[in-house]
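[1] Provided below for reference: sequence and predicted model.
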Amino acid sequence: MYCNMCGVENPNDSNYCKECGANLQGKDSNKQSVLDVNSNSDRELFAKAANLFRGIEAVGGKIYFYDNRLIFKSHSFNIQTGETTIYYSDIVLVEKVRTGIVPNGMLVTLRNGAKHRFVLWNRSEAINFLNSKIV
């Protein structure tokens with residue numbers, strides 16, 4: 001089982017991630033209830049094709065940007081599949097990074113210290129949007 005917060009592989013019977021401590025068995029009930037109550041404010045704003053590094057694998061998929069969070073959804077043909085959800089309230093820093101020789105990386109750092117490294121074209125649009133959401 002892979003952690004949705006940091007991408008580290010954990011034993012299938014784990015309740016919490018051994019790397020970042022995220023709950024592996026379900027979503028934070030407080031955040032879920034806020035989304036349920038305010039479902040009209042959680043609409044998809046835009047999406048971008050992207051890769052998310054999970055360990056050494058650059059998992060191909062798409063990032064969906066919503067009012068309150070972003071969700072990376074992998075393509076089904078990747079070795080590692082599934083979704084990674086990042087709430088904007090958990091983000092402390094969004095910055096440009098190099099991924100190899102091409103300057104198309106974006107690093108998202110969370111309050112718990114977890115880091116998510118994405119590869120996407122026109123990263124400035126995503127970085128500017130996320131920086132506008134940081135509280």
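    Sure, I can see it. No experiment lies behind these values; they were computed from the predicted model shown.

[2] please count neighbours and contacts with C-alpha atoms only from this point.
    Fine.

[3] residues in contact with residue 110?
    Taking CA atoms under 8 Å, 6 or more residues apart in numbering, we find residue 110 in contact with 90-93.

[4] the same query, at a cut-off of 7 Å, please.
    90-92 (CA atoms under 7 Å, 6 or more residues apart in numbering).

[5] what stretches of the protein score poorly on pLDDT?
    Scanning the chain with the threshold set as pLDDT under 70 gives 4-8, 18-22, 26-41, 135.

[6] contact partners for the nearest residue to residue 10 once chain neighbours are set aside?
    Leaving aside its sequence neighbours, residue 10 sits nearest to residue 1 (CA to CA, 6 or more residues apart in numbering; 5.3 Å). Taking CA under 7 Å, 6+ apart as the criterion, residue 1 is in contact with 9-12.

[7] which residues of the protein fall in helices?
    Using DSSP state H, the helices found in the chain span residues 29-37, 123-133.

[8] now for the last one, which elements pack on it?
    With contacts defined as 3 or more CA pairs under 7 Å, 6 or more residues apart in numbering; DSSP states H and E, the packing partners of helix 123-133 are strand 91-99.

[9] now with 10 Å, please.
    For helix 123-133, the helices and strands in contact under the criterion 3 or more CA pairs under 10 Å, 6 or more residues apart in numbering; DSSP states H and E are strand 44-54, strand 57-66, strand 69-74, strand 91-99, strand 102-110.

[10] now the angle from that helix to strand 102-110?
    20 degrees (axes from the mean of the first three to the mean of the last three CA atoms, to 10 degrees).

[11] quick check: angle from helix 123-133 to strand 57-66?
    Using the same axes, to 10 degrees: helix 123-133 against strand 57-66 is 50 degrees.

[12] hang on, the earlier thing: PyMOL command for the buried members of the contacts of residue 110?
    The following PyMOL line selects those of the contacts of residue 110 that are buried, judged by 16 or more other CA atoms under 10 Å:
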select buried, resi 90+91
